[in-house]
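**Student:** Mind folding the following:
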Amino acid sequence: SFEQLCINFANENLQFYFNEHIFKLEQASYEKEGISWKKIDFQDNQPCLDLICKRPVGILHLLDDESNFPKGSDESFGQKVVSQHKSHKYFLAPKTKSPVFGVQHYAGAVWYQVENFLDKNRDTLRDELRDIIKSSSSTFISHLLADAVSASVSRASGQSSRRRPTVANVFAESLASLIGTMKLCQPYFVRCIKP
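**Tutor:** From the prediction side, this is the model:
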């Protein structure tokens with residue numbers, strides 16, 4: 001499902017962050033300091049991240065494009081994904097014309113059913129409901145959708161012709177912000193040793 005793809009995309013990003021700090025940067029500091037050590041090989045999952053989110057043809061960008069077409073459908077989205085990525089190392093194409101596609105994540109292969117991907121990505125919360133949430137007397141509730149409501153007001157007043165951001169777009173931006181914040185910190189990882 002769409003939600004599972006988002007969860008696995010977040011996991012791929014966190015794995016990349018972990019690999020970068022534990023393997024790439026740590027080994028670079030060993031080399032810089034002249035420490036004798038044996039190089040550790042690890043699987044770089046950047047190609048998997050590119051498959052999911054690289055512009056202009058990553059899976060999430062194809063989903064956003066299809067979500068913005070008035071006659072876009074889950075089936076056409078699935079066909080475009082398969083057509084675009086069938087030869088990608090981390091992409092798993094269906095053997096039949098079923099509405100699925102797979103991604104070889106660092107943790108293993110996952111198959112995604114494309115049914116309802118577009119509806120879930122379009123975020124069809126009505127503007128009236130957004131306005132009600134914005135007018136709540138609870139500060140927490142009123143700020144939940146503040147950005148979306150202000151974008152809706154701007155659109156209604158003709159200030160912007162930009163489309164409402166999709167769920168995938170907002171999720172990817174939020175995840176990028178989280179990873180950016182994590183990169184500013186000094187990470188510490190607990191290493192567990194199995195007996």
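**Student:** Next secondary structure after the helix or strand bottoming out on mean pLDDT in the chain?
**Tutor:** Counting by mean pLDDT, DSSP states H and E, the weakest-scoring helix or strand in the chain turns out to be helix 146-156, with a mean of 47. From helix 146-156 onward toward the C-terminus, using DSSP states H and E, the following helix or strand is helix 167-183.
**Student:** who does that next one touch, helix- and strand-wise?
**Tutor:** Packing partners of helix 167-183 (3 or more Cβ pairs under 8 Å, 6 or more residues apart in numbering; DSSP states H and E): helix 2-19, helix 59-68, helix 117-122. Using the backbone N, CA and C atoms, a C-beta is placed for each residue, glycine as well.
**Student:** name the helices or strands packed onto the last one?
**Tutor:** Helices and strands touching helix 117-122, as assessed by 3+ Cβ pairs under 8 Å, 6+ apart, comprise helix 2-19, helix 59-68, helix 74-85, helix 167-183.
**Student:** Which neighbouring elements make contact with whichever helix or strand comes after that helix?
**Tutor:** Proceeding C-terminally, helix 117-122 gives way to helix 127-134 as the next helix or strand, assigned by DSSP H and E. Counting contacts by 3+ Cβ pairs under 8 Å, 6+ apart, helix 127-134 packs against helix 139-144, helix 146-156.
**Student:** Which pLDDT value belongs to the nearest residue to Gln43 once chain neighbours are set aside?
**Tutor:** Of all residues not flanking Gln43 in the chain, Tyr106 sits nearest, at 6.2 Å (Cβ to Cβ, 6 or more residues apart in numbering). Predicted confidence (pLDDT) for Tyr106: 92.
**Student:** List the residues that contact Tyr106.
**Tutor:** Residues near Tyr106 by Cβ atoms under 8 Å, 6 or more residues apart in numbering: Asn11, Glu12, Gln15, Gln43, Asn45, Cys48.
**Student:** With adjacent residues omitted, what lies nearest to the fifth one?
**Tutor:** The shortest distance from Asn45 to any residue that is not its chain neighbour, by Cβ to Cβ, 6+ apart, is 4.8 Å, and that residue is Tyr106.
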